[in-house]
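Participant: sequence and predicted structure are below.
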Amino acid sequence: MWYLLSRLSPKHLTYLMVAHFLVGVLYHVFVAPPPHTAEDYNIAQHLIRGEGFSIYERGPTSAKGPFYPSLLAVLLGLFGDPEGLWVMVFLQQAVCSLHILLLYRLGVVWGEETLAKGAAILFALHPSYLYSTGVIENTLWATAVAIGWGILLFRRSSPTGKAGLLLGFLSGAMFTEKPAMGMLMTVLGLYRLRRPWGAASRYLLGWVVIPLLWSVRGWLAMNEVSLTKNYAAFIGLCQSWTQELSVSPRYTISPEYDRIVDSLFHLPEKEALPHLKRLAIQTILERPALYFERTIVHALIYWTIPPRYHGNFSLKFIFVRLLPVAVLLVLLFVGAYRLWGYRRDMVIGIGLVLLYYTFFYSAIHTLNIRYKLEIEWLQLYLCAGVFLPKSPGAASRTLASRV
């Protein structure tokens, strides 16, 4: 398999990307259900009606970042509803297929062309990402930006002044849009550009733009200086202790607690947020051992299947999510073990990022499958280690035998 990958060229991956896009279009035209909508769609509807960045009947919101609902509102305004939703789906399919070349380019920048090709192929075969193109939310856009950002950050030449500003701007924007991803990008960017000081200062100058604007908007609309999605974190943590959304009855508190969380959820955010902050902190401080245990359980769930999907044995769910999770877990351990003999630094670096993501979501909530999709593309590089020869010496012998 390694030899076959060595014969694969970027042109072949371009053909694969085009084929992936066409398959996705055919899937959405003939097979897929209508686009799945949720909070972003509701915010976009409010924007179209001139009611500001608001959600449901709760008024102004910071539960979602500004970019995706705004783009969706533009598409709905231009093409109508539901036509605008389908335009978004096909745009997302294009972004999804673009990941194939992005993953290849990032792997090449890291100096591992075999892994780059392997990860690109595994992504093309990954049904969960193809399915997610029909879900109206921002995961695919965020991962595409993150991979492109990584290519710009880790390329061999030092980023120029404009590149530093762009890297900072994207990190700050992602911090507002996807906090887990944004925090990681911020730290990696600062570490990479720490010298000279001019590069770091340009990075910080670019970073502050979107969080500052979002904070001003939060102060004016909700009396809350919020650099990112504060409300989403606090409501998610509190809801994770309710009977309806907890991963186990062991991690519930009381019917009264459930009623309090539900009543706060239906209040306008500017009224509910101070109470949610206190309730979330109080919930953790009153049961630290149970919270730690719950976080460990959440971590295991993050890498498997959330309980809300248990009992779903439809063929669609088995092939779109259950089977890919199982296959990728096996490939992860086998691939990482083999890659360890080549690039320990890469295994450790990617492993630390995966642990960071696991801890971030486990500390708050692991309700949705899409949380794992934010980082599953990175897991594919370790999985692609299965395509490497058992040792560097075996690679040389294979090449010699082919000559």
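Facilitator: Received, thanks. Residues are numbered from 1 along each chain as shown.
Participant: L380: which element?
Facilitator: Using DSSP states H and E, L380 sits within helix 370-383.
Participant: ugh, typo on my part, it should be G335
Facilitator: Counting by DSSP H and E, G335 is found in helix 323-340.
Participant: give me the contact list for the helix or strand just after that helix.
Facilitator: Using DSSP H and E, the next helix or strand after helix 323-340 towards the C-terminus is helix 344-364. Helix 344-364 has contacts (Cβ atoms under 8 Å, 6 or more residues apart in numbering) with 110, 112, 115, 180, 183-184, 233, 236-237, 240, 295-296, 298-299, 301-303, 336, 339-340, 371, 374-375, 378-379, 381-382. C-beta coordinates here come from the backbone N, C-alpha and C atoms, glycine included.
Participant: now do 6 Å
Facilitator: 180, 233, 236-237, 295, 298-299, 302, 336, 339-340, 371, 375, 378, 381-382 (Cβ atoms under 6 Å, 6 or more residues apart in numbering).
Participant: and the closest residue to H28 other than its chain neighbours, how many neighbours?
Facilitator: Excluding its sequence neighbours, the residue lying closest to H28 (Cβ to Cβ, 6 or more residues apart in numbering) is V89, at 5.7 Å. A total of 22 residues lie near V89 under the criterion other Cβ atoms under 10 Å.
Participant: can you tell me the helix or strand for V89?
Facilitator: Assigned by DSSP H and E, V89 falls in helix 83-109.
Participant: same for that helix, what does it pack against?
Facilitator: Where contact means 3 or more Cβ pairs under 6 Å, 6 or more residues apart in numbering; DSSP states H and E, helix 83-109 is packed against helix 10-30, helix 67-79, helix 113-124, helix 139-154.
Participant: just name the most buried of these.
Facilitator: helix 113-124 (a mean of 24; mean count of other Cβ atoms under 10 Å).
Participant: any idea which helix or strand comes after it?
Facilitator: By DSSP H and E, the next helix or strand past helix 113-124 is helix 127-132.
Participant: okay, buried residues for that following helix please.
Facilitator: 128-132 (16 or more other Cβ atoms under 10 Å).
Participant: repeat that for stretch 323-339.
Facilitator: Those buried within stretch 323-339 under the rule 16+ other Cβ under 10 Å are 324, 328, 331-332, 335-336, 338-339.
Participant: tabulate the CA atom coordinates of it in PDB.
Facilitator: Provided in PDB are the C-alpha atoms of stretch 323-339 (Å, rounded to 0.1, in the frame of the first residue of the first chain):
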ATOM      1  CA  LEU A 323     -18.800   1.800  11.700                       C
ATOM      2  CA  PRO A 324     -16.400   4.800  10.900                       C
ATOM      3  CA  VAL A 325     -15.800   5.400  14.600                       C
ATOM      4  CA  ALA A 326     -14.900   1.700  15.200                       C
ATOM      5  CA  VAL A 327     -12.700   1.500  12.100                       C
ATOM      6  CA  LEU A 328     -10.900   4.700  12.900                       C
ATOM      7  CA  LEU A 329     -10.300   3.700  16.500                       C
ATOM      8  CA  VAL A 330      -8.500   0.500  15.300                       C
ATOM      9  CA  LEU A 331      -6.600   2.400  12.700                       C
ATOM     10  CA  LEU A 332      -5.600   5.100  15.300                       C
ATOM     11  CA  PHE A 333      -3.800   2.600  17.500                       C
ATOM     12  CA  VAL A 334      -2.200   0.600  14.700                       C
ATOM     13  CA  GLY A 335      -1.200   3.600  12.800                       C
ATOM     14  CA  ALA A 336       0.200   5.600  15.700                       C
ATOM     15  CA  TYR A 337       2.200   2.500  16.800                       C
ATOM     16  CA  ARG A 338       3.800   2.200  13.400                       C
ATOM     17  CA  LEU A 339       4.300   6.000  13.000                       C
END
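Participant: if anything else comes up later, I'll come back, but that's it for now.
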